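Q: After the sequence you'll find the predicted model.
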Amino acid sequence: MLSFVEPTREEPGCLEYHFHEDRNEPGVFVFYEAWRSQADLDAHLALPHMRAFWETRMDYLESDLAIRFLTMHSPYGSAA
């Protein structure tokens with residue numbers, strides 16, 4: 001999954017893309033992503049490597065992904 005980071009950061013509309021591992025629970029991973037728009041995220045998810053990931057993820061994951069969609073209320077560069 002680490003191999004997704006650099007290419008994804010180069011995609012149009014990718015504002016942030018970070019890959020973490022829980023310090024207290026090794027083997028629990030978190031991607032934090034920020035996209036310019038839903039259309040940019042949709043384009044990312046439609047890429048061949050992402051489609052392949054979705055189709056084969058359970059071959060190497062112990063449990064399926066828990067995805068949360070967040071609304072940012074404190075973007076960088078916002079007026080305080």
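A: On my side now, so go ahead.
Q: Now the terminal residues of stretch 52-64, how far apart.
A: 15 Å (Cα to Cα, to the nearest Å).
Q: would you say residue 74 is within a strand?
A: No - going by DSSP: H, G, I helix; E, B strand; the rest coil, the assignment for residue 74 is coil, not a strand.
Q: for it, phi and psi?
A: phi -140, psi 60 (degrees, to the nearest 10).
Q: From residue 31, how far out is it?
A: 20 Å (Cβ to Cβ, to the nearest Å). Placement of C-beta: from N, CA and C, glycine included.
Q: Looking at the two, which has the bigger crowd around it?
A: residue 31 (14 against 6; other Cβ atoms under 10 Å).
Q: Secondary structure class of that one, three-state.
A: strand.
Q: beta partners for it?
A: Note on residue 31: beta-bridge partners by DSSP bridges are residue 19.
Q: List the contacts of it.
A: By Cβ atoms under 8 Å, 6 or more residues apart in numbering, the contact list for residue 31 reads 1, 17, 18, 19, 20.
Q: neighbours of the second one, just the number please.
A: Put plainly, it is residue 17. 19.
Q: average pLDDT for the helix or strand containing it?
A: Per DSSP states H and E: residue 17 is located in strand 14-21. The average pLDDT for strand 14-21 rounds to 96.
Q: Need the contact partners of that strand.
A: Looking at what lies outside strand 14-21 - Cβ under 8 Å, 6+ apart - the contacts are 1-2, 4-5, 8-9, 27-36, 40, 44.
Q: Mind giving me the ChimeraX command for buried ones among those residues?
A: Those of the contacts of strand 14-21 that count as buried under 16 or more other Cβ atoms under 10 Å are selected in ChimeraX with:
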select :4,8,35,44
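Q: what's the distance between residue 33 and residue 52?
A: In terms of Cβ to Cβ, residue 33 sits 18 Å off from residue 52.
Q: Next: residue 24.
A: Residue 24 is 31 Å from residue 52, by Cβ to Cβ.
Q: Looking only at neighbour counts, state which of these two leads.
A: With neighbours defined as other Cβ under 10 Å, residue 24 and residue 52 compare such that residue 52 has more, 10 against 5.
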